[in-house]
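**Student:** Give me the fold of what follows.
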Amino acid sequence: MKKIIILFVFIFLTGFVYAKNLVYIPTANSVDGVSLSYDYEYNEHNHIFNVQGGFNGFEVSFTNYNNEFDKDKFIPSSKSVLDAQWQFIPDFGAIPSVAVGVKDITCKLDKNPTFYAVATKDFSGYIPLELVNKLELSCGASYNSLGIFGGLNVQLGFIYGTIEAYKEDYNMSCGLSFLDDTIRVGYKRFNKSDYVGIDCGFGF
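**Tutor:** The predicted structure is shown next:
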């Protein structure tokens, strides 16, 4: 926990870039910088810590799932998952950003990694309302765990909300956004459990 706090303090001292937007499914967004997120599930005391690093369209993500009480084995468990992504078409004009990637490279969550392609487009520029800061739609397809997936990320002033669906499940989040959406604090529904957490990022 002390290491996580130190990382978030480091973000505040270096300057902000963006907050991770959707809960689990990938988007085609890619920035030069690093994002961090920490989420806590209060019923079974589960912790999720994620760090993403990106440069020139390439991103690598590390996620640690730490369960203090495993409901099946009745013992603590921890899994560390590695993902990677390449955005080969950036968002410009009417063209969405497009990326390909792989989740769970080391097969910690499943027997095989998940390969995917995803497109993301922010439509807020087409809406003549200053209140709509972001209206971002992502959709894609994968081989393995995600199947056909999609997600919506909306920001109205300092309030945000997201919803995403993949295969036979869905996730959502809502809360408050600060400093031009570089920090998000709020609620997340992930894998049929309720979390509270914070997302933020800094640039190089």
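
**Student:** which residues of this protein fall in strands?
**Tutor:** 33-41, 46-55, 58-67, 77-89, 97-103, 114-122, 132-143, 148-156, 159-166, 169-178, 183-190, 193-203 (DSSP state E).

**Student:** Give me the distance between residue 183 and residue 52.
**Tutor:** Counting by C-beta to C-beta, to the nearest Å, the separation of residue 183 from residue 52 is 15 Å. (C-beta placed from N, C-alpha, C; glycine too.)

**Student:** One more: residue 158?
**Tutor:** Counting by C-beta to C-beta, the gap between residue 158 and residue 52 amounts to 23 Å.

**Student:** and those two? which has more neighbours close in?
**Tutor:** Summary of the neighbour comparison: residue 158 and residue 52, criterion other C-beta atoms under 10 Å, with residue 52 having more neighbours (21 against 12).

**Student:** Isn't that one up against residue 58?
**Tutor:** No. Assessed by C-beta atoms under 8 Å, residue 52 is found out of contact with residue 58, at 11.1 Å.

**Student:** Let me see the contact set for residue 141.
**Tutor:** Shown in contact with residue 141 (C-beta atoms under 8 Å, 6 or more residues apart in numbering): 116, 117, 147, 148, 149.

**Student:** Per-residue pLDDT of the first one, please?
**Tutor:** Reported pLDDT at residue 116 in the predicted model: 97.

**Student:** Return the residues in contact with it.
**Tutor:** For residue 116, the set of contacting residues under the criterion of C-beta under 8 Å, 6+ apart consists of 26, 100, 101, 102, 103, 140, 141, 142, 143, 146, 149.

**Student:** Make a PyMOL selection of whichever of those turn out to be buried.
**Tutor:** The buried subset of the contacts of residue 116, as determined by 16 or more other C-beta atoms under 10 Å, is captured in PyMOL by this line:
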select buried, resi 26+100+101+102+103+140+142+146+149
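
**Student:** hang on, the earlier thing: and the contacts of residue 141, which two are furthest apart?
**Tutor:** The largest distance within those, taken as C-beta to C-beta, falls between 117 and 147 and amounts to 12.7 Å.
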